[in-house]
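*Asks:* Show me the folded form of this:
(2 chains)
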Amino acid sequence: MPDQSAVLDDVRRGMIPAHIYNDAEVFALERERLFSRSWLFVAHESEIPQPGDYAVRRVLDDSFIVARDEQGEVRVMFNMCLHRGMQVCRAELGNASHFRCPYHGWSYRNDGRLVGLPFHQDAYGGEAGFRRKGQTLLPAPALDSYNGLIFINLDAQAPPLRDYLGDFTFYLDYYTKQSESGIELRGPQRWRIKANWKIGAENFAGDMYHTPQTHTSVVEIGLFREPKAAKRKDGATYWAGAGGGTTYKLPPGTVDERLAYVGYPFEMVERMKQMWSPEQLRVVGEDGFMISAASVFPNLSFVHNWPRVADSDDVLPFISIRQWQPISENETEVLSWFAVDAEAPEQFKKLSYKAYLMCFGSTGMFEQDDVENWVSLTSTAAGSMARRLRLNSRMGLLDDDTEVTPALPPEQFAGPGVARTGYSEANQRELLRRWADHLEQPAGDGAVAR
Amino acid sequence: MSPLGWEEHTTGEPIVLGNEFSEITVSRVETRNGSRLLIQSPKSGQWVALCPLELEALTWQGPQTFSAMIGNPFSPLVDEEDDQ
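*Replies:* Next up is the predicted model:
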């Protein structure tokens, strides 16, 4: 592995060597040092509500069964038969009390325990030759959840998920805890783009600068009333713990009026006021900021927008959760879920889903606009000239690293972490700084080097 | 009796249940004096017709019983001749 310290130093000062967006050696390092010890999202509990419900999800090359066992406990198991390594579950989702390997018929309970081998007596001499007791599909090394979001970590010694997420949970609640029941998910839609995984994560973390340019047509056709240039720079971007995101500045009003402004009906607003802390309500009601896009390091993103869903000035909010699942240095599988509060009225859920489909998902207009940029960037990053170019990611910093716009004081922004208004790439730099810190650290004992 | 013997007396549309590991059909059978539940595997052709008490007995079982049955595919868990 060549020394990457010069690359990491450049990234840390906000001058990104362009080739990191399409470089096999960098990707090998990301596998070994980043994905091997970061908390990675695999599913939401609402995707497996009943005993026996399961979904098959990937983490890089590893396939996992995310299942709710007969006792109701969530399990994440490596989807590889203990015998010859066949994938035990081949369907993307289903409900089963037991899984049966298609190759030789070994069967497992939905908690992973091996319960049967055909011809156990004849082939292995029964329990004397092959003891079934204690044999299970390999569990994910570490498993944890927050507001129903299930994460795994390939490093068994990883710190708890809460410590990893840190203060970002404050912002996660806006997306995932609008009532006691939390969110329910639909999807995911899943498709592949010829783009490096980092680009989407950076874009959602803080790129409000692209909105007026890339998404011009969304405003022109009247789908969206917000992304005008002036509006975006009034919003705050924030970074806290393992994640950061963007917000819009809302017109003057109370918390009720501002939540109604983005399209939440009265009953949902009432529940949000029950669920959110005084500080969480203050960010909306007094500071006047409404969350929009966000990313959690390394590859999970969220978006909350409020387009027009009919030919009127009425808008309706939607939430999407998305994951940038790396396939290689130049290909990413996008998983895009629609999320909605489980207690929302049925009509709201229906219209919110429509709003999501118009904007995001494989056919969404924002998605189409974004991906064209990301694919082009990735393919150009493969050549020899890209190795001579350092991309300027210093927006918001003067030459001597002082900030163009100082961080907002607590009386203007009640949320944790660092927040600022105006255009900047501070969040993208935060994300890539974490990336550089991971790539610098050799794989520990808990993580498997490859 | 073949499943055909039972099938003649099924009522209503059969219920089909499937996942990636299995597919079965379930039908209610009305006999002259009572009812059975006919469970058939279209793939293997194997079937069983359970009376209400057998079905109730299923509700007494834990997952272990079913694990043992599934772990011994296509054959009865208890050899019929053992009981003779």
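
*Asks:* okay, CA-based contacts and neighbour counts for the rest of this
*Replies:* Noted.

*Asks:* Get me the contact residues on chain B for chain A.
*Replies:* For chain B, the contact set with chain A under Cα under 8 Å from any Cα of the partner chain comprises B:N19, B:E20, B:F21, B:S67, B:A68, B:I70, B:G71, B:N72, B:P73.

*Asks:* Does the third one fall in a helix, a strand, or a coil region?
*Replies:* It refers to B:F21. Secondary structure for B:F21, judged by DSSP: H, G, I helix; E, B strand; the rest coil, is coil.

*Asks:* what's around it, how many residues?
*Replies:* Neighbourhood size, B:F21 [other Cα atoms under 10 Å in any protein chain shown]: 17.

*Asks:* With adjacent residues omitted, what lies nearest to it?
*Replies:* In space, and not counting its chain neighbours, B:F21 is closest to A:R100: 6.3 Å by Cα to Cα, 6 or more residues apart in numbering or on different chains.

*Asks:* Look at A:E267 and give its secondary structure.
*Replies:* helix.

*Asks:* same thing with A:P409?
*Replies:* Per three-state DSSP, A:P409 ends up coil.

*Asks:* Now render the residues of chain B next to chain A as JSON lines, adding pLDDT.
*Replies:* Shown next, in JSON lines, are the residues of chain B next to chain A (pLDDT from 0 to 100):
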{"residue": "B:N19", "pLDDT": "95"}
{"residue": "B:E20", "pLDDT": "95"}
{"residue": "B:F21", "pLDDT": "94"}
{"residue": "B:S67", "pLDDT": "93"}
{"residue": "B:A68", "pLDDT": "92"}
{"residue": "B:I70", "pLDDT": "93"}
{"residue": "B:G71", "pLDDT": "89"}
{"residue": "B:N72", "pLDDT": "88"}
{"residue": "B:P73", "pLDDT": "87"}
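
*Asks:* Report the buried members of those residues.
*Replies:* B:E20, B:F21, B:S67, B:I70, B:G71, B:N72, B:P73 (16 or more other Cα atoms under 10 Å in any protein chain shown).

*Asks:* how far away is the residue nearest to the last one when sequence neighbours are not counted from A:W106?
*Replies:* For B:P73, ignoring the flanking residues on the chain, the nearest one in space by Cα to Cα, 6+ apart is A:P118 at 6.8 Å. Computed as Cα to Cα, to the nearest Å, the A:P118 to A:W106 distance reads 7 Å.

*Asks:* State the helix or strand in which A:I327 lies.
*Replies:* Per DSSP states H and E, A:I327 falls inside strand A:318-328.

*Asks:* and that strand, C-alpha only, in CSV?
*Replies:* What follows is strand A:318-328, C-alpha atoms only, in CSV (Å, rounded to 0.1, in the frame of the first residue of the first chain):
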residue,chain,number,x,y,z
PHE,A,318,-41.4,14.3,2.9
ILE,A,319,-38.4,12.4,4.4
SER,A,320,-36.0,10.1,2.6
ILE,A,321,-33.2,8.0,4.1
ARG,A,322,-30.5,7.0,1.7
GLN,A,323,-27.4,5.0,1.7
TRP,A,324,-24.4,5.3,-0.6
GLN,A,325,-23.3,1.7,-0.7
PRO,A,326,-19.9,1.3,-2.3
ILE,A,327,-19.5,-1.3,-5.0
SER,A,328,-16.0,-0.1,-6.2
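
*Asks:* Smallest gap between the stretch 251-400 of chain A and chain B, at which residue?
*Replies:* Nearest residue of the stretch 251-400 of chain A to chain B, counting by Cα to the nearest Cα: A:L335, 22.3 Å away.

*Asks:* Taking chain B, what residue is nearest to chain A?
*Replies:* B:G71 (3.4 Å).

*Asks:* ok, and the closest non-adjacent residue to that residue?
*Replies:* A:G116 (3.4 Å).

*Asks:* Make sure that neighbour is actually in contact with A:R109.
*Replies:* No - checked against Cα atoms under 8 Å, the pair A:G116 and A:R109 is beyond contact range at 9.4 Å.

*Asks:* and residue 43, what element?
*Replies:* By default, I'm working from chain A. Assigned by DSSP H and E, A:A43 falls within strand A:40-44.

*Asks:* think we crossed wires, I meant chain B
*Replies:* Counting by DSSP H and E, B:K43 is part of no helix or strand.

*Asks:* Just give the number of residues close to the residue lying closest to it once chain neighbours are set aside.
*Replies:* In this structure, B:K43 finds its nearest non-sequential neighbour in B:E23, 7.7 Å apart by Cα to Cα, 6+ apart. Using other Cα under 10 Å, B:E23 has 14 other residues around it.

*Asks:* coming back round to it: more neighbours: A:G116 and A:R109, which one.
*Replies:* When A:G116 and A:R109 are compared for neighbours, A:R109 comes out ahead with 25 against 21, by other Cα under 10 Å.

*Asks:* As a quick check, tell me the outermost residue of chain A.
*Replies:* Using Cα atoms, centre = their mean, the residue of chain A lying farthest from its centre is A:D122. It sits 48.7 Å away.

*Asks:* Can you give me the buried ones in the helix or strand that contains that one?
*Replies:* Assigned by DSSP H and E, A:D122 falls within helix A:120-124. Neighbour counts over helix A:120-124 (16+ other Cα under 10 Å) mark A:H120 as buried.

*Asks:* what are the bridge partners for the residue of chain A found nearest chain B, then?
*Replies:* In chain A, the residue that lies nearest chain B is A:G116 (3.4 Å; Cα to the nearest Cα). Beta-bridge partners for A:G116, by DSSP bridges, are A:S107.

*Asks:* Identify the residues contacting it.
*Replies:* Applying Cα atoms under 8 Å, 6 or more residues apart in numbering or on different chains to A:G116 gives the contacts A:W106, A:S107, A:Y108, A:R132, B:S67, B:A68, B:I70, B:G71, B:N72.

*Asks:* wait, which of those residues is closest to B:L38?
*Replies:* B:I70 (18.8 Å; Cα to Cα).

*Asks:* do you know how far the closest one is from A:R100?
*Replies:* Per Cα to Cα, B:I70 is found 9 Å from A:R100.

*Asks:* just B:S27 next, same as before
*Replies:* The separation that B:S27 has from A:R100, given Cα to Cα, amounts to 25 Å.

*Asks:* now swap in A:S424 and tell me
*Replies:* Taken as Cα to Cα, the span from A:S424 to A:R100 is 52 Å.

*Asks:* thinking again about what came up before, which neighbours do B:I70 and A:R100 share?
*Replies:* A:S107.

*Asks:* which other residues reach the worst-scoring helix or strand of chain B on mean pLDDT?
*Replies:* Lowest by mean pLDDT, DSSP states H and E among the helices and strands of chain B is helix B:3-7, with a mean of 78. The contact list for helix B:3-7 (Cα under 8 Å, 6+ apart) reads B:V29, B:L38, B:W47, B:A49.

*Asks:* element containing residue 75, please.
*Replies:* In the absence of a named chain, this looks at chain A. Going by DSSP H and E, A:R75 is part of strand A:74-78.

*Asks:* Oops, wrong one, chain B.
*Replies:* Using DSSP H and E, B:S75 falls outside every helix and strand.
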